[in-house]
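Asks: sequence and predicted structure below; questions after.
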Amino acid sequence: MAAQPDADHVDERVVKALGHPTRVRILNVLRDRDLASPVELSHELGVPLGTIGYHVRRLETLGFIELARRTQRRGAVEHHYRARPVLDEHGAGAAVAAHPAAGLGAEALVAARAGQQALARGGFDAVAAHADWRGLALDERGRRQLARALKDWDAAVARIARHSTTRLARSDEQPAHRCAAVVMRFELPDED
């Protein structure tokens, strides 16, 4: 039986990889697609190719993505990357492809950091902003129902993002709204 990761430990590589929103976005695209090149990532994310190239190199160095294929394109070689398929047994890395040394809570750290920055910059002042908190006491059936609901939520958010990206690409417009959608489920300590 594998040793359980220390719940208080998050590998420094995870913080470096997931500590920048562009890297998180790249990992999310690579999680949803088998392969993508920096050129494709640049178009899909609306980020300059040089910036994407830098973050792709960092993610590869940190071990989060790997070169999967090279393709000849107009006298140049296009590199296609894939996320390293490493998720824990419960799918806890579903929001972001995770490195095996990540420990627990890497995505929570990224979400907390982004939320903190948004709060400081007035990101929660927008009319469409929303934050919610529910402490739950669930039986086993409730736990399974919640897991299904979160999986459905993740699929719906991914579908909305894909469709919006397609519409933006067709219209050649910049995103009218940049936001983060975060849902977390974690165990609370026993009440004293």
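Replies: Yep, that arrived. Remember, it's a predicted structure, so these values are computed and weren't measured experimentally.
Asks: count of neighbours near residue 53?
Replies: Look at residue 53: counted by other CB atoms under 10 Å, it has 15 neighbours. (Each C-beta comes from the backbone N, C-alpha and C, glycine too.)
Asks: do the same with residue 59
Replies: Neighbour number of residue 59 under other CB under 10 Å is 26.
Asks: nearest spatial neighbour of it, skipping sequence neighbours?
Replies: residue 65 (4.6 Å; CB to CB, 6 or more residues apart in numbering).
Asks: would you mind naming the residues that bridge with that neighbour?
Replies: residue 83 (DSSP bridges).
Asks: verify the stated contact: it with residue 79.
Replies: No: look at residue 65 against residue 79 with CB atoms under 8 Å: they stay out of range, at 10.6 Å.
Asks: pLDDT on the longest helix along the chain, on average?
Replies: When the chain is parsed with DSSP state H, its longest helix is helix 140-171. For helix 140-171, mean pLDDT is 89.
Asks: and for stretch 73-81?
Replies: The model assigns stretch 73-81 a mean pLDDT of 89.
Asks: ditto for stretch 33-49
Replies: Averaged across stretch 33-49, pLDDT comes to 91.
Asks: list the buried residues in it.
Replies: Of the residues in stretch 33-49, 36, 37, 38, 39, 40, 41, 42, 44, 45, 47 count as buried by neighbour count, 16 or more other CB atoms under 10 Å.
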